[in-house]
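**Student:** Make a model of this:
(4 chains)
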Protein chains: 2
Amino acid sequence: MRLLLVEDTVALADQLLPLLRDHGYAVDWLADGRDALVRAHDDDFDLVILDLGLPGLDGLEVLRRWRQQGLSMPVLILTARDSWAERVDGLRAGADDYLTKPFHPEELLLRVQAVLRRSHGSANQRRLRACGVELDEERQSAWLDQDEIELTGAEFRMLRYFMLNPGRLLSKIALSEHLYDGESERDSNVVEVHINRLRRKLGGEVIQTRRGQGYLFTGRD
Amino acid sequence: MRLLLVEDTVALADQLLPLLRDHGYAVDWLADGRDALVRAHDDDFDLVILDLGLPGLDGLEVLRRWRQQGLSMPVLILTARDSWAERVDGLRAGADDYLTKPFHPEELLLRVQAVLRRSHGSANQRRLRACGVELDEERQSAWLDQDEIELTGAEFRMLRYFMLNPGRLLSKIALSEHLYDGESERDSNVVEVHINRLRRKLGGEVIQTRRGQGYLFTGRD
DNA sequence: AGCCCGCCTTAACGCAACCTTAAAGGAGGC
DNA sequence: GCCTCCTTTAAGGTTGCGTTAAGGCGGGCT
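**Tutor:** Okay, here's the model as predicted:
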């Protein structure tokens, strides 16, 4: 976890740096607003702790420019003045959180953790991957390399069942029983039709047929 | 965006409810901790605003149990006492943010916005941006390139929910549940009508329909 | 070889899901 | 209190998915 601390009060920085490092963060430290402005482009920080009262360039202005330039890392603001207006300005400028001086060091730690947890926790895309095919469950579509392949409801359900059982022989009856809860019709070729449609979209080789036994999802190996 | 406000001070709730609703949130209100504990299981709230001093069951305890039961929605804490220890306890218990009474209503709004964006992985920009569309939460209007597109309340609410869940398939039921609070009808085509309106204003391609499954916000890719 | 059975392919149909439009119902402003 | 604009309801039209059905193909068994 890579942090950037932008703080010109040496005493405070001296106090925070070891604390953060003790807790497993790699922390870079800058004391000047202008330095911070460019530095954030050079490295990919997971979070920035930004003091508002800075020499060189005011913290609020730094933050505003970062956002304007498309930098989107989480920013936690430190402010000496406990005025409502300033906190609002900070949030408006694009801060994720703020802390009012003086604060207890442990509180900073907790807020850092909270912000990081939030900003990373939601990045988990639910994607199922097997044999060279990806399935985006949130989007209900498949991906081959970089190409998105839109699926209908039945196709999606069938492909998902295949991908949850990769390399396993699935009989026609098992498939139809899984796709339709209730008893399945015997004299119907629904499964075959949908297999056919999947093969058309994904390429013929992704699903092998074992005559008399069922189908096997092999992907593109 | 569906919120739950848990606050026993009637005067404060009376002040906050219209404010939040004016800004496009569907808000349910409870005054008792025990009610809140179960209610959070019944509905899928996008955020909870939780007062700590509650009758029935203390707010901190409510939060702790929610987390223990696997509920992970963002929670914003309101606390009357400005003690460091309580804020730390709140964050430890799994809160995402806190606000100390008394606070300025506008500050609550900004924090709500910040937490919601953070929990959906977007950077805390002034404008919400996804897939070539920008959304100005203050003006409740959208921007395509340089053109401002005025939105009505319902359109804004819907578009915001789409933009906070980009690339994710949203069912009609999910949409209506997140756009309307407690007592709302289910067998109606409101969602379809508003989808239609949004498509007219933003262009037909911004929202795909996946028949039988839901809608997908794709912007202008 | 020839036949049968299992699988493939294609096209067509029906129905539910969805779209569109208009008009009624409400809320807020002047 | 009236006017306006937004939201919701309602009704009819349209579309596309899921299913069925029919014809073709080929492998394996007798």
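**Student:** any idea of the mean pLDDT in the lengthiest helix in chain A?
**Tutor:** If each helix of chain A is counted by residues according to DSSP state H, the longest one is helix A:105-121. Helix A:105-121 carries an average pLDDT of 77.
**Student:** tell me the domain ranges of chain A?
**Tutor:** Using automatic domain parsing, the domain ranges for chain A come out as A:2-121, A:127-217.
**Student:** can you put those domains in JSON lines and add distance to DNA strand C?
**Tutor:** Just so you know, the C-beta spots here come from the backbone N, C-alpha and C atoms, and that holds for glycine as well. Listed next are the domains of chain A as JSON lines, based on distance: least, CB to the nearest atom of the strand, whole Å:
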{"stretch": "domain A:2-121", "distance to DNA strand C": "24"}
{"stretch": "domain A:127-217", "distance to DNA strand C": "4"}
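**Student:** List, one by one, the residues from chain A near chain B.
**Tutor:** A:67, A:72-75, A:84, A:87-88, A:91-97, A:103-104, A:106-107, A:110-111, A:114-115, A:118-119, A:121-123, A:138-140, A:150, A:152-153, A:156 (CB under 8 Å from any CB of the partner chain).
**Student:** restrict these to contacts with DNA strand D.
**Tutor:** Applying CB under 7 Å from any atom of the strand to the residues of chain A next to chain B, one finds that A:152-153 fall near DNA strand D.
**Student:** Any quick PyMOL command for the buried ones out of the residues of chain A next to chain B?
**Tutor:** Buried subset of the residues of chain A next to chain B, written as a PyMOL selection, criterion 16 or more other CB atoms under 10 Å in any protein chain shown:
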select buried, chain A and resi 67+72+73+74+75+87+88+91+92+93+94+95+96+97+110+111+114+115+118+119+139+140+152+156
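**Student:** Can you verify A:Leu76 is assigned to a strand?
**Tutor:** Yes - membership of A:Leu76 in a strand is supported by DSSP: H, G, I helix; E, B strand; the rest coil.
**Student:** My guess is it contacts A:Phe103. True?
**Tutor:** No - contact criterion CB atoms under 8 Å: A:Leu76 and A:Phe103 do not qualify, at 11.0 Å.
**Student:** related to what we said a few turns ago, following the longest helix of chain A, which helix or strand shows up next?
**Tutor:** strand A:127-130 (DSSP states H and E).
**Student:** now that next one, how far from the centre of its chain.
**Tutor:** In terms of CA atoms, centre = their mean, to the nearest Å, the centre of strand A:127-130 is found 16 Å from the chain centre.
**Student:** That strand packs against which elements?
**Tutor:** Packing partners of strand A:127-130 (3 or more CB pairs under 8 Å, 6 or more residues apart in numbering or on different chains; DSSP states H and E): strand A:133-136, helix A:153-164.
**Student:** mind listing what that strand pairs with, with the direction of each?
**Tutor:** Looking at strand A:127-130 with DSSP bridges, its partner strands are strand A:133-136 (antiparallel).
**Student:** Can you give me the buried ones in the helix or strand following the strand it pairs with?
**Tutor:** With elements assigned by DSSP H and E, the helix or strand that comes after strand A:133-136 is strand A:141-144. For strand A:141-144, the neighbour count (16+ other CB under 10 Å) marks A:141-142, A:144 as buried.
**Student:** Ok, stretch A:37-56 next?
**Tutor:** A:37, A:39-40, A:45-54.
**Student:** for the record, mean pLDDT for it?
**Tutor:** 85.
**Student:** now do the same end-to-end measure for it.
**Tutor:** One end of stretch A:37-56 sits 10 Å from the other (CA to CA, to the nearest Å).
**Student:** Show me how far that stretch is from its chain's centre.
**Tutor:** 22 Å.
**Student:** Need the buried residues of strand A:141-144 in JSON lines (columns: pLDDT).
**Tutor:** Shown next, in JSON lines, are these (pLDDT from 0 to 100):
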{"residue": "A:Ser141", "pLDDT": "91"}
{"residue": "A:Ala142", "pLDDT": "92"}
{"residue": "A:Leu144", "pLDDT": "88"}
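**Student:** out of those residues, which one sits closest to DNA strand D?
**Tutor:** For the buried residues of strand A:141-144, the minimum distance to DNA strand D (CB to the nearest atom of the strand) is 12.2 Å, reached by A:Ser141.
**Student:** Run through the helices of chain A in chain order.
**Tutor:** Using DSSP H, the helices of chain A run over residues A:10-22, A:33-42, A:59-68, A:84-93, A:105-121, A:153-164, A:172-179, A:190-202.
**Student:** who in chain A is up against DNA strand D?
**Tutor:** Within chain A, the positions lying close to DNA strand D (CB under 7 Å from any atom of the strand) are A:152-155, A:180, A:185, A:187-190, A:193-194, A:211.
**Student:** for chain A, which spans come out with low pLDDT?
**Tutor:** Low-confidence segments of chain A, defined by pLDDT under 70: A:24, A:81-84, A:119-126, A:181-186, A:221.
**Student:** Next one: the residue of chain A most remote from its centre from A:Ser176, what distance?
**Tutor:** Centroid-distance maximum for chain A: A:Asp187 at 45.7 Å, with CA atoms, centre = their mean. Counting by CB to CB, to the nearest Å, the separation of A:Asp187 from A:Ser176 is 12 Å.
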